[in-house]
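*Asks:* What follows is a protein structure lacking sequence information:
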């Protein structure tokens, strides 16, 4: 990859759109050169509910980032989430018919395509088919079968799919903002690129990315993702609870959440009070801080109990040595780490982007993990494809067929 190539991540969330522009330096170093954030109300739970509002937010965020970087943005890696996203694990098998039985990249491409041949409703499309591991003639646990010998090649894949119309609507918003989509990426897959290390992936870890309208989960074991899901609960639900129960506006509830709330009432004295502006009242009112924290604690505990259900459903309960990594803006609620630890009984840490330079201080919080992860995902894709071209390797990432679909859609 030549110096100063541009990779742009676009995280279209329920509460905000975040655009991060990066240039690629020597040794594939990611150099963040522009960051743009704009409030958004065009999505609900990861699904577009107002195209014009979403397009405006994308345009503003991208313009801010492009202006700061001094570079023109034409194509972006886009994060996708929503309750409509689902996943499953599938297996593909192919016979090796060469005379020398040496597995080449055509064989790998073929077995991956076989794994994608699953029965899905016509209104759904595959976002990712991620190889987890290969086996040759029954020998399991092979990470890279190219060049090895055998008669039967099998692959375990993790397949992420979503409703075609919902994904197309996100695509339309990006296109109407004057941008091309390099690839659609399921958000926790991108977030993992920014916050996890190889040891965590190998020993077993859960990404819990708490956004405004949803919480995304991805479970890694043996170095690869084995389970993913979307929970329709996020930071906005905490805000809504506060607004309803304290009888304040959404704006006032958000302020209370940021300035005064925490996920536990322990340590809060009964005498501690905060000032709030209630609907229909002219004067500020005093409320016990303990009441606020009880509301937040109840909702966050509910969220982590839902995470626990998914961990049990995955079959990975008890074998996740690296525990939980929280990310996303919702992880910044005070006490979230301790609350997760109390409910899940596992080690918990807050994950922020790493492995970047340039304007790294502007994106060093967990709220930027997905946008930065989209860049790291894109860099890995570009590097892999470049290496394939250099070596004359015809095999390309299985996700490229999805990318080509989106490019074709853009051209229509």
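*Replies:* Perfect, thanks for sending it. These numbers come from a predicted model, not from an experiment.
*Asks:* Could you pull out the buried residues of stretch 134-149?
*Replies:* Of all the residues in stretch 134-149, those buried under the rule 16 or more other Cβ atoms under 10 Å are 134-136, 142, 145, 148. Just so you know, the C-beta spots here come from the backbone N, C-alpha and C atoms, and that holds for glycine as well.
*Asks:* Kindly report the same for stretch 256-263.
*Replies:* 256-257, 260-263.
*Asks:* any residues touching that stretch, and which ones?
*Replies:* 235, 238-239, 242, 246, 248, 268, 274, 276, 289, 292-293, 295-297, 300-301, 333-336, 338-339 (Cβ atoms under 8 Å, 6 or more residues apart in numbering).
*Asks:* Distance from that stretch to the middle of the chain?
*Replies:* Here stretch 256-263 is found 25 Å from its chain centre; the criterion is Cα atoms, centre = their mean, to the nearest Å.
*Asks:* just stretch 262-269 next, same as before
*Replies:* 30 Å.
*Asks:* same thing with stretch 245-263?
*Replies:* How far stretch 245-263 lies from its chain's middle: 26 Å, per Cα atoms, centre = their mean.
*Asks:* ok, now stretch 174-183?
*Replies:* Counting by Cα atoms, centre = their mean, stretch 174-183 comes out at 19 Å from the chain centroid.
*Asks:* could you pull out the helices for the stretch 101-250 of the chain?
*Replies:* In the stretch 101-250 of the chain, the segments counted as helices under DSSP state H, counting those that start in this stretch are 105-116, 164-176, 187-195, 198-203, 235-246, 250-260.
*Asks:* between these, which has the poorest average model confidence?
*Replies:* Among the helices of the stretch 101-250 of the chain, helix 105-116 carries the lowest mean pLDDT, a mean of 90.
*Asks:* Mind giving me the packing neighbours of that helix?
*Replies:* In terms of contacts (3 or more Cβ pairs under 8 Å, 6 or more residues apart in numbering; DSSP states H and E), helix 105-116 is packed against strand 86-95, strand 124-136, strand 152-163.
*Asks:* I'd like these as a markdown table, with distance to residue 37 and mean pLDDT appended.
*Replies:* Shown next, in a markdown table, are these (distance: least, Cβ to Cβ, whole Å; pLDDT from 0 to 100):
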| stretch | distance to residue 37 | mean pLDDT |
| --- | --- | --- |
| strand 86-95 | 29 | 93 |
| strand 124-136 | 25 | 93 |
| strand 152-163 | 25 | 95 |
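*Asks:* Any idea which of those strands gets closest to residue 27?
*Replies:* Closest to residue 27 of these, according to Cβ to Cβ: strand 124-136, at 25.6 Å.
*Asks:* just the buried residues of stretch 256-263 now: which is nearest residue 309?
*Replies:* residue 263 (19.0 Å).
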